[in-house]
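Visitor: Dropping a prediction and its sequence here:
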Amino acid sequence: MNPLGSSRNALRPRLVIGFALTIFGFLLFVLGVEPGYFGLDRSPVVGFVQITVFVVGLGIICAGGYTTLNALWNGVEKSIAADFGFRLVSTGYVLCLISGMADVFGFGSHPLPGVPFFGPWQAVGVILGELIIVIGFILFIPPPPRQS
């Protein structure tokens, strides 16, 4: 049985939507991480708006990646590893969200009403979350079709 299924016409729109979401999320993520690339850098520090933009961009990347990889399964029952991978993607995103917005949530090094600042510990938390997301996506990739 082919994991890509027999309906390639139904597969194509889901792949295009998933890739489009992923590219849009990546552009939003880059805008948040390095607004200077777009001529929008107004501050020497990474503040609340930048943190929010890159966290939202990362969330859109996760949604696009899930849409794309879920389309590749195309109706075939997912393996336990794929289910575990999806949960890892979700967990990694939550870790990135909480780490990035720690000051806003009140447990960072610069809690409100001070100016939120993206510090080194927050960066470590976001990087670890991104690594967990990558591992989750790797587990979510469908196996190659069997040759019979």
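Guide: Received the coordinates, thanks.
Visitor: where does I132 land on pLDDT?
Guide: On pLDDT, I132 comes in at 97.
Visitor: mind checking the backbone torsions on it?
Guide: Per-residue torsions, I132: phi -70, psi -40 (degrees, to the nearest 10).
Visitor: and the residue nearest to it when sequence neighbours are not counted, how far is that from L72?
Guide: Nearest residue to I132, sequence neighbours excluded (Cβ to Cβ, 6 or more residues apart in numbering): G92, at 3.3 Å. Placement of C-beta: from N, CA and C, glycine included. In this view, G92 and L72 are 20 Å apart by Cβ to Cβ, to the nearest Å.
Visitor: surely the residue nearest to I132 meets I133?
Guide: Yes: G92 is within contact range of I133, at 3.6 Å (criterion: Cβ atoms under 8 Å).
Visitor: related to what we said a few turns ago, more neighbours: which of G92 and L72?
Guide: Each of G92 and L72 has its neighbours counted (other Cβ atoms under 10 Å); G92 has more, 23 against 17.
Visitor: Next SSE downstream of the host helix or strand of V89?
Guide: In the assignment (DSSP states H and E), V89 maps to helix 80-100. The helix or strand immediately downstream of helix 80-100 is helix 102-105, counting by DSSP H and E.
Visitor: Let me see the mean pLDDT of that next one.
Guide: Averaging pLDDT along helix 102-105 yields 82.
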